[in-house]
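J.: Fold the following and give me the result.
(chains A and B)
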Amino acid sequence: MKKLLSSIALLAIAMNPFISTQASTPAEDTEALRAYFQKTLGAKLDLNELVNGTYALNEDARSQWEEIEEFPPYEIDIDKGEEIYTKAFKNGKSFASCFGDDVSSIRGKYPYHDEEKDTVVTLEGDINKCLTDNGEKPFKWKRGKIAEVSAYIAYQGRGGKIDVQPKTEKALAWYNKGKNFFYAKRGQLNFSCADCHVYNANRKVRVEPLSPALGHPSHFPVYRSKWGGLGTLHRRYGGCNKNIRAKPFKAQSDQYRALEYFQAVMSNGMELNGPGARK
Amino acid sequence: MRKTFRLMSVVISTLTLFGTISVVTVNAGDDSAIKEGKKIALDRKKGNCLACHMIVGEEQPGNIGPPLIAMKSRYADKDALKAQISDPRTKNPNSSMPPFGTHGILSDEELDKITEYIHSL
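T.: Purely as a prediction, here's the structure:
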């Protein structure tokens, strides 16, 4: 039975228009996905706007959101993040000793593939690495201080462009792992990320309009009214996995780092505009 | 590719076989079954059909699936309707609709009741 089930899963992947049995390059995948959205969203597809998720497509929601952005709920978090960022560690150094003096150049470097360690490195991963390298305790992964520091760095890096290019075999393997995760059905409700954020983007689940996947990583961490605070991209991934009754993976797990890497590649050329505000 | 399709239809018909063997516990057109079916269909933790389908008279429907109207004209046969709800992958392998029966989201009895309700729309 197990074998039967896994061959069904493989067949489902084979049926998927975006996962062909022949390997395609990241550039081809990006083009195919954009062509798909061009067809389904038509004139509404404006990559400069899609970084604002569903607000790019939905007038009513957009005006509410613009009001929220007039007094950004994440402003205080940016300030807290700056304070943590500049405060000296016990050894006298600070985050600048890991990230360099130009804060505005940090956000755009992530995520990237580390060829030597063969892993995908995220901004949050390096924030905690900086702490432990300096004998400090790491932050919790999904909210709180890590999100505040990430928000400060994102804010300073606003206006940069997403530019994530898997060039080596090993980097491509991470990319493909993320891609497969994105298109694979999972959970009791049997949804893939693509079910909601590609095939049904701009449609509604009940009253909730679904954002297209393009631009997903541009504006994280995000202040969500539902959370009453900031959360990282991986916190959001976990929430979307729970909603479909799938067991969420851990923040910064290989699965979610690969997913972030894939989503970033799909969003190449789009503007970094974090932190964002969402419902 | 042809071969993939043939293999798939074998797999699917095997599934359908398992999926549709069921004991009929609900009498046709039973009013109380329709009522209970409606409750299960609208319950967010059960069918939550409104997440994706418009149903006349119900508030805040999503629009991922087609409106559930004039069902008898499309499903003369209740078993076919039940099979669609139980596992929509039989008709569309990449369906965005959850396989309510195969994945154990609803029990067989609940599926029968929902089928009565949907068929009445």
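J.: Against chain A, how distant is B:I118?
T.: Look at B:I118 and chain A: by C-beta to the nearest C-beta, to the nearest Å, they are 18 Å apart. Glycine gets a C-beta too; all of them are placed from N, C-alpha and C.
J.: Tell me, how many residues neighbour that residue?
T.: Around B:I118 there are 24 other residues, counting by other C-beta atoms under 10 Å in any protein chain shown.
J.: Show me what the host helix or strand of it is packed up against.
T.: Assigned by DSSP states H and E, B:I118 belongs to helix B:108-119. When contacts are defined as 3 or more C-beta pairs under 8 Å, 6 or more residues apart in numbering or on different chains; DSSP states H and E, helix B:108-119 packs onto helix B:31-42, helix B:71-74, helix B:78-86.
J.: which strands and helices sit next to the shortest one?
T.: Spelled out, that is helix B:71-74. In terms of contacts (3+ C-beta pairs under 8 Å, 6+ apart), helix B:71-74 is packed against helix B:108-119.
J.: If we use 10 Å, what do you get?
T.: Packed against helix B:71-74 by the contact rule (3 or more C-beta pairs under 10 Å, 6 or more residues apart in numbering or on different chains; DSSP states H and E) you find helix B:78-86, helix B:108-119.
J.: For A:F249, which non-adjacent residue is spatially closest?
T.: Closest residue in space to A:F249, ignoring its immediate chain neighbours: A:Q255 at 4.4 Å, by C-beta to C-beta, 6 or more residues apart in numbering or on different chains.
J.: ranges for the strands of the stretch 51-200 of chain A?
T.: A:112-114, A:119-121 (DSSP state E, counting those that start in this stretch).
J.: Select, out of those strands, the one closest to chain B.
T.: For chain B, the closest of the strands of the stretch 51-200 of chain A is strand A:119-121, at 27.8 Å, according to C-beta to the nearest C-beta.
J.: Does anything pack onto that closest one? Which helices or strands?
T.: The contact analysis (3+ C-beta pairs under 10 Å, 6+ apart) places strand A:119-121 against strand A:112-114, helix A:169-183, helix A:254-266.
J.: give me that answer again for 7 Å
T.: Contacts defined by 3 or more C-beta pairs under 7 Å, 6 or more residues apart in numbering or on different chains; DSSP states H and E place strand A:119-121 against strand A:112-114, helix A:254-266.
J.: Reformat those as a markdown table; add mean pLDDT.
T.: Below are the helices and strands packed on strand A:119-121 laid out as a markdown table (pLDDT from 0 to 100):
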| stretch | mean pLDDT |
| --- | --- |
| strand A:112-114 | 98 |
| helix A:254-266 | 98 |
